[in-house]
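**Q** This is the structure alone, sequence omitted:
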């Protein structure tokens, strides 16, 4: 199992943590603790833990090497979609210090 972390800057970390936990946890299980502002989600053989910080949502993901990048993408894509109005950016850093994937809300090019 490998680990990766994303620190997502937001003024509403608990709101997004709860929303992401509820959405992703529907299939395989997950839970958000309102009082602790923490949660977890089962993602196949992987596991995501979430914690609301002062001005950031902390995402910690553990998964088999073969699934790590795909699960980063799945989690990050959902989160930035939920937080489109807040322009959330989800940039992962692997446990060995290397860069993981990065998700941002893609905007349509403006035609002139």
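**A** Arrived safely, thanks for sending. Keep in mind that this is a model prediction, so the values were computed, not measured.
**Q** make it CA atoms for all contacts and neighbour counts henceforth
**A** Fine.
**Q** mind listing the strands in the chain by residue range?
**A** Taking DSSP state E, the strands of the chain run over residues 2-9, 30-33, 38-43, 46-52, 56-63, 89-94, 99-104.
**Q** Of all the ones you listed, which one is nearest residue 19?
**A** strand 30-33 (8.9 Å; C-alpha to C-alpha).
**Q** List the buried residues in that closest one.
**A** Across strand 30-33, burial judged by 16 or more other C-alpha atoms under 10 Å covers 30, 31, 32.
**Q** cool, and stretch 3-15?
**A** Buried, per 16+ other C-alpha under 10 Å, within stretch 3-15: 3, 4, 5, 6, 7, 8, 9, 10, 12, 13, 14.
**Q** Would you reformat the residues you listed as JSON lines and include distance to residue 102?
**A** Putting the buried residues of stretch 3-15 into JSON lines (distance: C-alpha to C-alpha, whole Å) gives the following:
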{"residue": "3", "distance to residue 102": "15"}
{"residue": "4", "distance to residue 102": "12"}
{"residue": "5", "distance to residue 102": "11"}
{"residue": "6", "distance to residue 102": "9"}
{"residue": "7", "distance to residue 102": "11"}
{"residue": "8", "distance to residue 102": "11"}
{"residue": "9", "distance to residue 102": "14"}
{"residue": "10", "distance to residue 102": "16"}
{"residue": "12", "distance to residue 102": "20"}
{"residue": "13", "distance to residue 102": "18"}
{"residue": "14", "distance to residue 102": "21"}
